[in-house]
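Peer 1: Provide a 3D model corresponding to the input given below.
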Amino acid sequence: MIKKVEGICTKFGKRLGLFKKRSNISYSKIHYATKISENHIKNTVAGKVNIGLLHLELYANLFGVKDRDMLDYDAPIPDRNTLQKNISNYFLKIGFKTSDNFKKTGPSYIIEEFVQEFHFPEPLEAVQIKDKLTETKSISYKTNDISRVLNKLAEEGIVLRIDTGNSKKPKYDKAEEQ
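Peer 2: Okay, the predicted model is just below:
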């Protein structure tokens with residue numbers, strides 16, 4: 001019987017997953033810190049993609065370790081407190097104040113801010129808002145996530161939800177100033 005040898009992508013993915021789990025950091029925070037898409041990070045953890053050296057450096061910087069520490073698959077992973085302190089320091093270094101609530105950089109806040117800043121020439125569907133957000137802010141979310149946030153913003157009166165006759169494709173516009 002031939003034993004299957006674990007590939008480098010799988011080994012690195014498992015190690016990155018251990019760093020993520022030990023530090024109790026979400027995929028969205030890793031994405032925010034590294035600008036690597038959440039899907040790519042998830043696929044890396046799953047061992048499905050081959051990362052480049054730039055990604056290796058970004059992960060190492062985020063977790064406060066040397067590049068080679070990310071590749072030393074048998075080495076111990078720093079304890080949770082050390083990792084969280086390193087991550088906090090990294091966020092401070094990139095200009096994110098860790099004392100602020102992280103929700104201010106989450107999808108709801110970003111989409112709300114975008115809707116308030118963006119000039120709507122006409123009401124737009126969620127997919128159009130998603131495309132404009134990606135184009136102008138280099139941030140990518142799933143259309144379903146955008147729709148959920150827009151519906152919540154509509155409930156709060158921040159945007160108008162316009163029925164188009166197709167319940168799956170409402171349009172959204174800025175709420176009128178009061």
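
Peer 1: Just the buried positions in the helix or strand bottoming out on mean pLDDT in the chain, please.
Peer 2: Least confident helix or strand of the chain, by mean pLDDT, DSSP states H and E, is helix 107-117 with a mean of 76. For helix 107-117, a neighbour-count test (16 or more other C-beta atoms under 10 Å) marks 107, 110, 111, 112, 114, 115 as buried. Heads up, the C-betas are built off the backbone N, CA and C, glycines and all.

Peer 1: And for stretch 127-137?
Peer 2: 128, 129, 130, 133.

Peer 1: can you check stretch 88-95 too?
Peer 2: Neighbour-count burial for stretch 88-95 [16+ other C-beta under 10 Å]: 90, 91.

Peer 1: which strands and helices sit next to the very next helix or strand once past the least confident helix or strand of the chain?
Peer 2: Counting by DSSP states H and E, the element after helix 107-117 in chain order, helix or strand, is strand 124-125. Using 3 or more C-beta pairs under 8 Å, 6 or more residues apart in numbering; DSSP states H and E, the elements in contact with strand 124-125 are strand 171-174.

Peer 1: Look at the residue minimising distance to the centre of the chain and give its secondary structure.
Peer 2: The centroid of the chain falls nearest to residue 28 when counting by C-alpha atoms, centre = their mean (3.0 Å). Three-state assignment for residue 28 (DSSP: H, G, I helix; E, B strand; the rest coil): helix.

Peer 1: how close does it sit to residue 49?
Peer 2: 18 Å (C-beta to C-beta, to the nearest Å).

Peer 1: what does residue 143 give?
Peer 2: Distance from residue 143 to residue 49, by C-beta to C-beta: 23 Å.

Peer 1: who has more neighbours, these two?
Peer 2: Between residue 143 and residue 49, counted using other C-beta atoms under 10 Å, the more crowded position is residue 49 (17 against 14).

Peer 1: from memory that one sits against residue 9, does it?
Peer 2: Yes. At 6.6 Å, residue 49 counts as touching residue 9 under the criterion of C-beta atoms under 8 Å.
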